[in-house]
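J.: I would like the atomic coordinates for the input below:
(one chain, ligands or ions: 1)
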Amino acid sequence: MKELHHLRSEGDLNISPARSSWQAEYIDESTRSVLDEDARYFLHQSLSTPCLNVLQGCDGSFLEDLQGNRILDFHGNSVHQVGFGHPRVISAIKRQLDDLPFCTRRYTNRPAIELARELTTLAPDPLNKILFAPGGTSAIGIALKLARMATGRFKTLSMWDSFHGASLDAISVGGEAIFRKDAGPLLPGTEHVPPPDSRHCPWDCAGSCKLKCAEYINYVLEKEGDVCAVIAETVRSIPYFPPKDYWRIVREACDRHGALLILDEIPHCLGRTGRMFTFEHYDVVPDMVVIGKGLGGGVFPLAALLAREDLDCAPDRALGHYTHEKNPVACAAGLATLEVIRDERLVERSHELGTRALSMLDEIKSRHPSVSDVRGKGLLLGVELIDPATESS
Ligand SMILES: Cc1ncc(COP(=O)(O)O)c(C=O)c1O
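T.: Okay, the predicted model is just below:
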């Protein structure tokens, strides 16, 4: 649908004709009536209400809908590091609910401290400081505030087509029309550059990338002279993967021009790409990294900002101060998640399974002209489909 093209994002659009025809074929009357009731109460918005289908269960890699269909979930809203409803996560949550179900602000609790210790130990130096937040978007907001306070600057450089959450500050640095359209004016000083997506590169670099997009970041940082931070997803969920040297060049440009490097690893943290942190594939360490999604075990909303130790520079101001900042139940879920990742060797497993899956996908690509590209790191995998008759995706 040409008229919807500019609104395309990583999700399917709930207003597309493809959605309606799928539902006409697969959704029965009783599910239809629940969907209608959902649409009656919830504000309609793209990517959510009206919804696709109704769930009544989820476990491991599977969803179960009201019609009893079991659906292998390749999307998982990126909360599936340990799968849905992992028994160790669920029992840690139940135990914590009996013990200390909430922690009012100004107090702390053991699960929060233990999770902070675990995560700052997992992250390389100097990412030794942490703040929790009740969701990725809020953690991105904290990162942006801290970057301003630490540098005394306010401008940011981020990527077109990126996503950092749905709040006004996050969509200002984000680059997707579906979130930004009609929401302005957005934050001032939020400059955007083309993302490292070789298939849609304005420098036409597909096949012979000279990393012009990375050099361009250096160019803009130099011209602006007072950018506080470059903020970007280390890899994009679509997915596309920057070339090996991309982040090294951007890291050096940030250092040269006094800008902080903030990497958003909210959907891919804790092993999805076959490394605990995605930036480890690129031999760089950012000044801040934001993680979330599956951190709460796919049960609790939980995100975290990990920051360079010397950025602990705003003790007299409130950076996050969210009601559920040190929620002991969410932190117990986070601790159990880390234990499962370690005990079940999930980071290694992601690498092993991902390597196998990619070679199988490559083989499928060689046989099917409708598969124009396959990409992956660990279990972050993508298959690009085209209509071979028109060559369009
Ligand atoms: C890259 C990225 N950043 C930020 C967010 C926002 O996280 P949350 O929905 O937990 O606020 C998301 C969520 O999809 C994401 O994929």
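J.: smallest gap between the stretch 51-200 of the chain and the ligand, at which residue?
T.: Closest contact between the stretch 51-200 of the chain and the ligand, by CB to the nearest ligand atom, is at G136 (2.5 Å). (Glycine included, C-beta is placed from N, CA and C.)
J.: can you pull the contacts of that residue?
T.: Neighbour list for G136: 164-165, 264, 266, 290, 292-293, 303 [criterion: CB atoms under 8 Å, 6 or more residues apart in numbering].
J.: okay, these in a markdown table with secondary structure and neighbour count next?
T.: Below are the contacts of G136 laid out as a markdown table (DSSP: H, G, I helix; E, B strand; the rest coil; neighbours: other CB atoms under 10 Å):
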| residue | secondary structure | neighbour count |
| --- | --- | --- |
| H164 | coil | 30 |
| G165 | coil | 23 |
| D264 | strand | 31 |
| I266 | coil | 26 |
| V290 | strand | 29 |
| G292 | coil | 29 |
| K293 | helix | 24 |
| A303 | strand | 26 |
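J.: check the residues you listed against the ligand, which are close?
T.: Contacts with the ligand within the contacts of G136, counted by CB under 6 Å from any ligand atom: 164-165, 264, 266, 292, 303.
J.: closest to V235 out of the residues you listed?
T.: Nearest to V235, judged by CB to CB, of the ones next to the ligand among the contacts of G136 is D264 at 10.0 Å.
J.: what sits against the closest one?
T.: Contacts of D264 (CB under 8 Å, 6+ apart): 136, 140, 162, 164, 231-234, 289-290.
J.: same question, S370
T.: Contacts of S370 (CB under 8 Å, 6+ apart): 385-388.
J.: surely H281 and K377 touch.
T.: Yes - here H281 reaches K377: they are 6.4 Å apart, a contact under CB atoms under 8 Å.
J.: overlap in contacts, these two.
T.: Common neighbours of H281 and K377 (CB under 8 Å, 6+ apart) are T273.
J.: with pLDDT added, can I get the ones next to the ligand among the contacts of G136 in JSON lines?
T.: As requested, the ones next to the ligand among the contacts of G136 are exported to JSON lines (pLDDT from 0 to 100):
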{"residue": "H164", "pLDDT": "98"}
{"residue": "G165", "pLDDT": "97"}
{"residue": "D264", "pLDDT": "98"}
{"residue": "I266", "pLDDT": "98"}
{"residue": "G292", "pLDDT": "98"}
{"residue": "A303", "pLDDT": "98"}
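J.: what does the stretch 251-393 of the chain have sitting close to the ligand?
T.: Going by CB under 6 Å from any ligand atom, the residues of the stretch 251-393 of the chain near the ligand are 264, 266-267, 292, 303.
J.: up against the ligand, what does the stretch 51-200 of the chain have?
T.: Near the ligand, when you scan the stretch 51-200 of the chain using CB under 6 Å from any ligand atom, you find 135-137, 140, 163-165.
J.: swap in 5 Å and give it another go.
T.: 135-137, 163-165 (CB under 5 Å from any ligand atom).
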